[in-house]
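# give me coordinates for this.
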Amino acid sequence: MSAQMSRRSLVIGTGGGVAAAGASLLGAESAHAAVPTMTIGSRGWHVQQFQTALASSGYWLGAADGVFGQLTQQAVWALQKTHGLRRTGVIDEALWNSGLARVRAQSKLKQDGIEIDLATQTLMIVKGGVVHLTLNTSTGNGNGERFEYLGGWATAITPKGTFKIYRKSVQETSTNAWVEGPLGRMYKPRFFTTTGIAVHGSLSIPPYPASHGCIRLHNSAQDYLLRTGRLVNGTDVRIY
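The predicted model follows:
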């Protein structure tokens, strides 16, 4: 087996346990350079292999093109959140050797639809009890922040419970993806409460709760969910 195939076996998971795969990687790398620390702007073979592993486990990032951009950072955050790691958005040697990029998130409820875990700040697409996609999200900040909303006062909390997506904004058209709401702009929102809570795209999706209550996703992730029929009216949204 070539050194390249041995390195590939770790992140893709072509056999063996995590420890064995990690040892295989370290053995192959010892003849070359150590695994580099990868972050926004990094490029190359290591980035592409980790991207491929993430994608195969449902951590969506668009294309595994060897370029560490915003979508890869989002996927790394989703991975770190899922496994209770520090949310750095960075791939270091410890994360590479952990084998966690091969470990798919697990559904708590195992019911079809959208599952949102407020503790981990992840959004999962579940079908047949299996998590098909895991995305970084940012929900209501829950710090007691009060804000004016439609002539009254509201708190920045994302409600728990079971809901259904039931509408998009009348402002949204084929040439206008951004919707102006009482609290700011939203990208292609899909509403699931009558009080204006939606899953929507945003230009700011940090790895911590920061919204007024909505479920923020990267715009490209929102487009992907819409394009693949994951946000149609009637889709169940379960939040806990």
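# Three-state assignment for residue 81, please.
helix (DSSP: H, G, I helix; E, B strand; the rest coil).
# OK, contacts around it?
87, 120-122, 136, 207 (C-beta atoms under 8 Å, 6 or more residues apart in numbering). Yep, even glycine has a C-beta here, placed from its N, CA and C like the rest.
# residues near the nearest residue to residue 127 once chain neighbours are set aside, how many?
Excluding the flanking residues, the one nearest residue 127 by C-beta to C-beta, 6 or more residues apart in numbering is residue 112, at 5.3 Å. Using other C-beta atoms under 10 Å, residue 112 has 16 neighbouring residues.
# which one of the contacts of residue 81 is nearest residue 227?
The closest of these to residue 227 turns out to be residue 136 (C-beta to C-beta; 18.7 Å).
# what's the separation between that closest one and residue 205?
Separation of residue 136 from residue 205 (C-beta to C-beta, to the nearest Å): 6 Å.
# shared neighbours, these two?
Taking C-beta under 8 Å, 6+ apart as the contact rule, residue 136 and residue 205 both touch 74, 217-218.
# C-terminal to the helix or strand bottoming out on mean pLDDT in the chain, what's the next element?
Lowest mean confidence among the helices and strands of the chain (mean pLDDT, DSSP states H and E): helix 18-29, at a mean of 36. Heading C-terminal from helix 18-29, the first helix or strand you meet, by DSSP states H and E, is helix 45-56.
# that older thread, between residue 136 and residue 205, point out the one with more neighbours.
residue 136 (30 against 23).
# quick one: residue 219 and residue 204 touch, right?
No - using C-beta atoms under 8 Å as the test, residue 219 is too far from residue 204 to be in contact (10.7 Å).
# pLDDT weak spots in the protein?
1-33, 143-155 (pLDDT under 70).
# tell me where it has helices.
3-12, 18-29, 45-56, 70-82, 93-98, 219-227 (DSSP state H).
# returning to that earlier point: filter the contacts of residue 81 down to the buried ones, ChimeraX style.
In ChimeraX, a selection of the buried entries from these looks like this (16 or more other C-beta atoms under 10 Å):
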select :87,120,121,122,136,207
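# tell me the contacts of the nearest residue to residue 65 once chain neighbours are set aside?
Counting by C-beta to C-beta, 6+ apart, residue 65 lies nearest to residue 48, which is 6.9 Å off, once chain neighbours are set aside. Neighbour list for residue 48: 64-66 [criterion: C-beta under 8 Å, 6+ apart].
# so can I have TSV of those residues showing neighbour count and distance to residue 171?
Shown next, in TSV, are these (neighbours: other C-beta atoms under 10 Å; distance: C-beta to C-beta, whole Å):
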residue	neighbour count	distance to residue 171
64	17	35
65	14	33
66	17	38
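# select from the contacts of residue 81 every entry located in strands.
Using DSSP state E, the members of the contacts of residue 81 that fall in strands are 122, 136.
# can I get the contacts of residue 81 in TSV with distance to residue 35?
What follows is those, written out as TSV (distance: C-beta to C-beta, whole Å):
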residue	distance to residue 35
87	20
120	26
121	27
122	25
136	23
207	22
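# and the two most separated of the contacts of residue 81?
Distance extremes for those: the farthest pair is 87 and 122 at 11.0 Å, using C-beta to C-beta.
# residue 97 touches residue 46, doesn't it?
No - counting by C-beta under 8 Å, residue 97 stays clear of residue 46, with 12.0 Å between them.
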